[in-house]
Structure formats: structure tokens, C-alpha cells
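Visitor: My questions are about this predicted structure, shown below with the sequence.
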Amino acid sequence: MPNKINILFSSFPDFSGNPKALYEYIAKNYSEKFELIWVIYNEDSSDILKNINVKFVLYKSQEYEQIMQNIDIIFDTNGELLREKRENQIYVNMWHGSSPKKKGYLLPIENFAEQDTDYYELAQMKTDFVLVPSEFAQLIFSSVFNINSQNVLPLGYPRDEYLLKSDGKANLQKFTSLNLEKFNKIIFYLPTFRNGCNRKDSKNIFEDNILNIKHYEESELIKFLEQNNFLLVMKKHPTEMNEINEIKSENILILNEEELQKENITIYEILNSADLLIADYSSVYVEYLLLERPVLFLHQDIKEYTKNRGIILQDSNIWFPGPTALNLEELKNNILELLNNNTYYQKERQNFRNLMFNKDVSNIAKDIFEYFFDTNTFKIKHKPYASIISKLSKKNMQLVENEEKDKEQIDLLNKQNYELSEELTKLYQERDIIFNSRSWKLFNLVQKIKKGVKK
């Protein structure tokens, strides 16, 4: 239907995160009212999306170029489409988590990665709205992108509904032949990247030391897991370049992004199978706390990480509501304490959760949908905000260009006046030379004699 609103979704990795959760809500409830399209960056994703009847287009293909002209609103996470956004389109940055890591204009310029300057300048000019989970995050992200806080919307992250509603254990079971029910507890370890995205935030030592801790012994870790009948599930950040070495143990399960994508499952659709999360600086632990379960932090490299990347507000007491382990013995002791003592860091977790989230997180996708779309007419409620900024910027550029042109004209006139003045000065000098010459005096004398004769 030509009158349908055209919505484009984009994420990294393809078909994941907040855009996926919002897409599924709209497709389930209003599929006939909108034209829903995914842009993918990896051709391998095409078969997956075909199998689940998702309309998609490959980035920069001829079909993409045609479709992009008619898009009304874009929901994105990775910023690739900022450069493509037109003035009549709304661009909504759904982002990918509120973590303690400094980013954007909160970073010192010397800590910018190669892509940061270009990305954040584009984001400042072309972002209409940014979605965040709370008013606290609203203040942070208005500074991160250097945009009006009124355009940073504390509506929440729709992927958090996966945490509350998914059958995480059933989804996790798809990635192992082991019977998950036989384990007493399931522990997840989900570190952030250190050297991905053109960054060098700290030394990457995962290949030799999967936990980034001192006095690490793989055999000791495995022994601890076996004695307590724990399963440790590990997955690195999708942008991390190096792989985790294979560990031969029934008590350790290593996931990778490719496996998840093939099953059309995101990490947030299995995360509620975890009884405890081990984290560092990644935003995943922030959302995991919605489950009211414990978190243990590994911060061996915090000095280097703080120097190269930085922690917002530089206050660990705000950001890390759980114990920190620096070596294997501390790790084991804290795991047991967190799993056996519900009050251990419970108050800190509650305070942090209240700071980071609005009270109701059960219907985030619905709230986002109703903020942007009229449920009666199915039209977009808002106009592009960034286009106003773009127009003002263009006007400013035109004024500057006009000023430069005017200046050039004035400089040219001044130059011409100067050259004319030089010519006049020469003419006057030549005239004076003639008037003072004997020839001119003789000529004047002859003229006077002629006048006298005529009389």
C-alpha cells in the first residue's frame, strides 16, 4: 500500500538487539499497517531472514538505494545509516546499552578512536532521538552526543523484555548436547571488548587467560566448577577480534555470535538462564540486574582501562554493585558467597537498579511504538528534529559563504581602487612633468602670441 509508513531497521550484528525486539512487537501486532524492512550488512544473514519471513535488503545494493528514498523512519543501533539519512526521515538511535565506559563527547579528544570524530559529528547533526532506560542515562547520553536532552527519551530498551519473558534455559539448550538440568547453577561470563572497534583500551589477554585475573590456572577453574556442579557459559563481545581458546570441559560452554545468529537467538534471550553473571565494563550487567540476581566483577586492568577509555564520573561505587575479584581464589570465594547469601551486595544492586531504570520495564516495545506512532491513524507523531539543525547549519554555512564572497568582492574592489589610484598617480606625475617642461612653456607662449595677434 502506497500510504503505509515505511520503517527501516538496522543493527549490529544483523537482526539483533533493540531493533529486533521492537520489530517483533510491530510485526506481531501491526504487520498489515506498516512496511517493515531490515537492512543487513552480512549476506549470510539473508538465508536466516528468509526462513522467518523477514523482508530485508542488502546494504548499498541497488534495491537498497531505491528503498532508502521512501523510508519514513529508521531504528538503528550502529550508526551506519547516519550518512544515508535524508532531511525528511526520522533517525532513532536505539543504542546498545548504558555502561560505565566513557564514550562520545565525554571522552578526551586524545582517547577518540579513528571512527569517533566522524561518527559523533554525524550523530550530532542527524540524530532525531536517542533511546535510553532512565533519566540518569538521559543526562549522560545528551552529553555523549552533545544534543538536546529533550531528544534523549527515557523509554527503555525493548530487548530487556527478552530478559523478563524468554525461556532462556530452553534457548541455551540449543547450543549444547549436555542436559542443562543436571547443573546446580549456571554462571555467565560476558566481557566487553578491549581491542575491538579500532580501540586499544587495555591489553587483550583472553587467549591465555580467559578471565583476565591473576594467578589463573585453568585446571583449578575446572576443578572448582566440577566440585560445585556449576556450568560456566562464556561469550566474547561481537566486535572482539581474538577468539577464546577451546577448553575441554563439560563444565564450560563457549558461545559465539555466529551460532546465535544461525538460531536467530540473541544473548538477551538466553541470559535469564544464568544464576550469576561475571562482568567487567560491559552494559550487559546493567540490564541483567533487572532479574535481581548477583553480579561479580573482574577489574584487574581497571587502571589501564580508566586511563585509555575512562569511567563515567570516575566513581566505582556508583557503577559496580558487586564484589570485585582480582585472582582465582577471590573469584571462587565470591561466587559461592553471592550464590549462597542473598543479602550479599543486595542493597547496592537495588539502589543501582533504581538509578538505571524507570519503574516499569514490562512493556517497553509497546511504549516506544505508541510514542512514535498514532494507534488510530498509524502515522508518525513526530517530525525530524535533526533536519532543523541541518537547515540551520546550512544557513550558517551559506552566511559564511556569502560573507566570504562579500569579502572577496570587497577585496577585489579595494584592489581595483588601489590599481586605479596608482594609475591616476602616474598620470598626475606625467602631467606635472609635461607642465614643467620647456616645450610646454614654449607652447603656452605661442598660444598667447596667437591670441594677441587675433585681437
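Guide: Thanks, I have it.

Visitor: Remind me which helix or strand E80 belongs to.
Guide: Using DSSP states H and E, E80 sits in no helix or strand.

Visitor: Surely it and K60 touch.
Guide: No - counting by CB atoms under 8 Å, E80 does not reach K60; the two are 9.9 Å apart. Quick note: C-beta positions are derived from backbone N, CA and C, even for glycine.

Visitor: Of these two, which one has the most company?
Guide: With neighbours defined as other CB atoms under 10 Å, E80 and K60 compare such that E80 has more, 16 against 12.

Visitor: Show the contacting residues for the more buried one.
Guide: Contact analysis of E80 by CB atoms under 8 Å, 6 or more residues apart in numbering lists 10, 12, 41, 59.

Visitor: By neighbour count, which of those wins?
Guide: Neighbour max across the contacts of E80 (other CB under 10 Å) = S10, 24 neighbours.

Visitor: Around the closest residue to N229 other than its chain neighbours, how many other residues sit close by?
Guide: Among residues not flanking N229 along the chain, N184 sits closest, at 4.3 Å (CB to CB, 6 or more residues apart in numbering). Residues near N184, counting by other CB under 10 Å, number 10.

Visitor: Please apply the same query to K359.
Guide: 7.

Visitor: cool, I254 as well?
Guide: 18.

Visitor: Is it in contact with L231, as I believe?
Guide: No - applying CB under 8 Å, one finds I254 not in contact with L231, separated by 11.5 Å.

Visitor: residue ranges of the helices in the stretch 51-200 of the chain, please?
Guide: Using DSSP state H, counting those that start in this stretch, the helices of the stretch 51-200 of the chain run over 62-68, 116-126, 135-144, 160-165, 168-173.

Visitor: Which secondary structure elements does the second one sit against?
Guide: This means helix 116-126. Applying 3 or more CB pairs under 8 Å, 6 or more residues apart in numbering; DSSP states H and E, one finds that helix 116-126 makes contact with helix 386-435.

Visitor: and the helix it packs on, what's its mean pLDDT?
Guide: Mean per-residue pLDDT for helix 386-435: 66.

Visitor: Could I get the full set of strands for this structure?
Guide: Secondary structure of the chain by DSSP state E: the strands cover 5-9, 34-40, 56-58, 73-76, 90-93, 129-131, 152-153, 185-189, 230-235, 252-255, 276-279, 295-298, 324-325.

Visitor: got a markdown table for those strands, with distance to Y285 and mean pLDDT too?
Guide: A markdown table is the format used below for the strands of the chain (distance: least, CB to CB, whole Å; pLDDT from 0 to 100):
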| stretch | distance to Y285 | mean pLDDT |
| --- | --- | --- |
| strand 5-9 | 26 | 98 |
| strand 34-40 | 28 | 97 |
| strand 56-58 | 32 | 97 |
| strand 73-76 | 24 | 98 |
| strand 90-93 | 22 | 97 |
| strand 129-131 | 19 | 97 |
| strand 152-153 | 22 | 96 |
| strand 185-189 | 10 | 97 |
| strand 230-235 | 13 | 95 |
| strand 252-255 | 17 | 93 |
| strand 276-279 | 4 | 96 |
| strand 295-298 | 5 | 95 |
| strand 324-325 | 12 | 93 |
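
Visitor: can you list these in JSON lines and add distance to E84?
Guide: JSON lines is the format used below for the strands of the chain (distance: least, CB to CB, whole Å):
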{"stretch": "strand 5-9", "distance to E84": "9"}
{"stretch": "strand 34-40", "distance to E84": "9"}
{"stretch": "strand 56-58", "distance to E84": "12"}
{"stretch": "strand 73-76", "distance to E84": "8"}
{"stretch": "strand 90-93", "distance to E84": "9"}
{"stretch": "strand 129-131", "distance to E84": "17"}
{"stretch": "strand 152-153", "distance to E84": "22"}
{"stretch": "strand 185-189", "distance to E84": "36"}
{"stretch": "strand 230-235", "distance to E84": "31"}
{"stretch": "strand 252-255", "distance to E84": "32"}
{"stretch": "strand 276-279", "distance to E84": "34"}
{"stretch": "strand 295-298", "distance to E84": "38"}
{"stretch": "strand 324-325", "distance to E84": "42"}
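
Visitor: which stretch among the ones you listed comes nearest K174?
Guide: Proximity to K174 (CB to CB) singles out strand 252-255 among the strands of the chain, at 10.5 Å.

Visitor: mind checking how far the closest one is from the chain centre?
Guide: Averaging C-alpha positions (CA atoms, centre = their mean, to the nearest Å) puts strand 252-255 28 Å from its chain's average.

Visitor: Repeat that for stretch 64-75.
Guide: Stretch 64-75 has its C-alpha centroid displaced from the chain centroid by 20 Å (CA atoms, centre = their mean).

Visitor: just stretch 54-69 next, same as before
Guide: Between the centre of stretch 54-69 and the centre of its chain there are 22 Å (CA atoms, centre = their mean).

Visitor: Likewise for stretch 41-48?
Guide: 22 Å.

Visitor: Other residues contacting it?
Guide: 12-15, 40, 56, 58-59, 80, 261-262, 264.

Visitor: thought the residue nearest to N229 was touching L225?
Guide: No - with contact defined as CB under 8 Å, N184 does not count as touching L225 (10.2 Å).

Visitor: How is the chain partitioned into domains?
Guide: 5-156+373-384, 162-356, 386-430 (automatic domain parsing).

Visitor: how about the ones you listed, which one is nearest I364?
Guide: Closest to I364 of the domains of the chain is domain 5-156+373-384 (CB to CB; 3.9 Å).

Visitor: so where's the stretch 151-300 of the chain shaky on pLDDT?
Guide: For the stretch 151-300 of the chain, applying pLDDT under 70 flags the ranges 193-208, 237-246.

Visitor: again, only this time at 90
Guide: For the stretch 151-300 of the chain, the stretches flagged by pLDDT under 90 are 191-218, 235-248, 256-258, 280-283, 299-300.

Visitor: Can you give me the neighbour number for the closest residue to L107 other than its chain neighbours?
Guide: Nearest residue to L107, sequence neighbours excluded (CB to CB, 6+ apart): G310, at 6.5 Å. Using other CB under 10 Å, the number of residues around G310 comes to 18.

Visitor: And for N333?
Guide: Around N333 there are 12 other residues, counting by other CB under 10 Å.

Visitor: From F175, how far off is it?
Guide: Counting by CB to CB, to the nearest Å, the gap from N333 to F175 is 29 Å.

Visitor: before we move on, the earlier item: select from the helices of the stretch 51-200 of the chain the stretch with the lowest mean pLDDT.
Guide: helix 116-126 has the lowest average pLDDT among the helices of the stretch 51-200 of the chain, namely a mean of 88.

Visitor: How about that helix, which residues are buried there?
Guide: For helix 116-126, burial by neighbour count (16 or more other CB atoms under 10 Å) applies to 116, 119-120, 123-124, 126.

Visitor: and it with helix 135-144, angle?
Guide: 110 degrees (axes from the mean of the first three to the mean of the last three CA atoms, to 10 degrees).
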